[in-house]
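Q: predicted model and sequence below, questions to follow.
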Amino acid sequence: MNALNLPRPAWMTEDVVLLEEQARRFLAAEFVPHLDRWHEDHMYPREVWTRAGQAGLLCASMPEEFGGSGGSFAHEAVINREFSLSGFDTFGAPLHSGIVAPYILHYGTAEQKKRWLPKLATGELVGAIAMSEPGTGSDLQGVRATAVKKGNRYVLNGSKTFITNGQHANLVIVVAKTDPKGRAKGISLMVVETDDAPGFRRGRKLKKLGMDSADTSELFFEDVSLPTENLLGTEEGQGFAQLMTELPQERLIVAVHAVAMMERALALTIDYVKQRQAFGKKIIEFQNTQFELAECKTEATVAKVFIDHCIERHIAGSLDATTASMAKAWSTDLVGKIVDRCLQLFGGYGYMDEYPISRIYRDARVLRIYAGTNEIMNLLIARSL
């Protein structure tokens, strides 16, 4: 699926291209045939995680000594892109591999890395990160969950919402206050292994506008007792700095997702208008159709070139938070506009759930909200002026 006809970017080395092709074949054979059923069931099964792990599609950027593939963000990017191009936008693997695992790799102790990363790579552990609370979204300094130290243990209390992978996750990084009176300096990251955590409870799987089969959930922590070894890192109060350091990659992951959704929407629409007829000729033959798709292709091409540039910078270690915010805000605004125009060309069929374009339309909307709302992105960008 290549509606944009762009050459491969320089960061896609031979091994990355091979991984891309492997991921595409695997998804087409193993997951795509089941997507409609999972969509109807509003959940994909737990075994998807272990199958993805066996195929090498989890934690590709983690070092081999910790069970990963020893790759870079380039490997994560092509896997994530293939998830979206295949229509599996709801799979929480990009967060699992590109957000949860890096927190442990970058901030965990040697023992924590050995303990958790290999199991994340196989899918034995499914990762989630619990930031948002019922009254707190983008303002992470305002979280109310607490982790109070008592002897050689922490007691965790609080509730979280909008948690990706919430129903499947059995390793959750929880943003909590170890100093309830502090703001940024009072935040720490606590790791909860939910299979052995009395007091942990999963709430309902949230009913959403889109992303139907994604297991976005509420999570509750009621006097959950954790050993001090479950503090991520070795010092309290480092959580906010850890979060801020990792957020640019999270936002770039969302941008990669957005561009892949544009590509898929365009490919589906071009195929449709070449087949569908109205007034005795194919829809592609109408000048309005041609102009609409020409503009969409141009805008999507610009977006992909920019995001490829950001990926290259990130691999080199030079992607700054401002540019990552630009990438996230601009690409997620744009995908909404492009998908809307594509859906219009489907006419009434575009509004039908059985047509993938309608799902893309609904699923794309949340990209402007999670990983920091686009309003927050613009605020961060404005600080650089």
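A: Cool, the structure landed. Residues are numbered from 1 along each chain as shown.
Q: switch to C-alpha atoms for all contacts and neighbour counts from now on
A: OK.
Q: which residues in the stretch 251-385 of the chain form helices?
A: Taking DSSP state H, counting those that start in this stretch, the helices of the stretch 251-385 of the chain run over residues 287-315, 321-345, 356-364, 374-382.
Q: JSON lines for those, including mean pLDDT and distance to Phe162?
A: Formatted as JSON lines, the entries for the helices of the stretch 251-385 of the chain read as follows, by pLDDT from 0 to 100; distance: least, CA to CA, whole Å:
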{"stretch": "helix 287-315", "mean pLDDT": "98", "distance to Phe162": "26"}
{"stretch": "helix 321-345", "mean pLDDT": "98", "distance to Phe162": "19"}
{"stretch": "helix 356-364", "mean pLDDT": "97", "distance to Phe162": "15"}
{"stretch": "helix 374-382", "mean pLDDT": "96", "distance to Phe162": "17"}
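Q: same list, those helices, but as a markdown table with mean neighbour count and distance to Pro227 please.
A: Below are the helices of the stretch 251-385 of the chain laid out as a markdown table (neighbours: other CA atoms under 10 Å; distance: least, CA to CA, whole Å):
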| stretch | mean neighbour count | distance to Pro227 |
| --- | --- | --- |
| helix 287-315 | 17 | 35 |
| helix 321-345 | 22 | 34 |
| helix 356-364 | 21 | 39 |
| helix 374-382 | 16 | 35 |
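Q: just put these in a markdown table and tack on distance to Lys205.
A: Listed next are these as a markdown table, based on distance: least, CA to CA, whole Å:
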| stretch | distance to Lys205 |
| --- | --- |
| helix 287-315 | 32 |
| helix 321-345 | 25 |
| helix 356-364 | 16 |
| helix 374-382 | 25 |
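Q: what sits up against stretch 37-46?
A: When contacts are defined by CA atoms under 8 Å, 6 or more residues apart in numbering, stretch 37-46 is touched by residues His168, Asp212, Ser213, Ala214, Asp215.
Q: am I right that the second one is in a helix?
A: By that I understand Asp212. No: note on Asp212: no helix contains this position according to DSSP: H, G, I helix; E, B strand; the rest coil, which reports coil.
Q: quick check: the gap between the closest residue to it other than its chain neighbours and Ala265.
A: Across the structure, with CA to CA, 6 or more residues apart in numbering as the measure, the residue nearest Asp212 apart from its sequence neighbours is His42 (5.1 Å). Counting by CA to CA, to the nearest Å, the separation of His42 from Ala265 is 22 Å.
Q: which one of these two has more residues nearby?
A: Higher neighbour count among His42 and Ala265: Ala265, with 26 against 15, using other CA atoms under 10 Å.
Q: that one contacts Ile360, correct?
A: Yes: in this structure Ala265 lies within contact range of Ile360 using CA atoms under 8 Å: 7.3 Å.
Q: tell me the average confidence for stretch 81-94?
A: For stretch 81-94, the mean per-residue pLDDT is 97.
Q: ends of that stretch, how far apart?
A: For stretch 81-94, the separation between the terminal residues is 10 Å (CA to CA).
Q: please work out which residues outside it touch it.
A: For stretch 81-94, contacts defined as CA under 8 Å, 6+ apart pick out 1, 20, 23-24, 27-28, 32, 35, 58, 76, 80, 164-165, 211-214, 253, 256-257, 260-261, 263-264, 356, 363.
Q: same thing with stretch 375-385?
A: By CA under 8 Å, 6+ apart, the surrounding residues in contact with stretch 375-385 are Ser138, Thr322, Thr323, Ser325, Met326, Lys328, Ala329.
Q: please repeat the previous calculation with a cut-off of 10 Å.
A: Where contact means CA atoms under 10 Å, 6 or more residues apart in numbering, the residues beyond stretch 375-385 that reach it are 138-139, 251, 321-330, 368-369, 371, 373-374.
Q: quick one, domains of the chain?
A: The chain resolves into domains spanning 14-125, 128-237, 241-382 when parsed by automatic domain parsing.
Q: mean pLDDT lowest where, among those domains?
A: When mean pLDDT is averaged over each of these, domain 128-237 scores lowest at a mean of 93.
Q: distance from that one to the middle of the chain?
A: Relative to the chain's own centre, domain 128-237 is displaced by 18 Å; criterion: CA atoms, centre = their mean, to the nearest Å.
Q: measure it end to end?
A: Using CA to CA, the gap from the first to the last residue of domain 128-237 comes to 20 Å.
Q: and the strands in the stretch 1-150 of the chain?
A: Listed in chain order, the strands found in the stretch 1-150 of the chain under DSSP state E, counting those that start in this stretch are 127-130, 146-150.
Q: which of those sits closest to Ile284?
A: For Ile284, the closest of these is strand 127-130, at 43.7 Å, according to CA to CA.
Q: quick one: strands adjacent to the closest one?
A: Sheet pairing here is set by DSSP bridges, and for strand 127-130 it gives strand 171-177 (parallel).
Q: got the angle between the strand it pairs with and strand 146-150?
A: Going by axes from the mean of the first three to the mean of the last three CA atoms, to 10 degrees, strand 171-177 is angled at 90 degrees with respect to strand 146-150.
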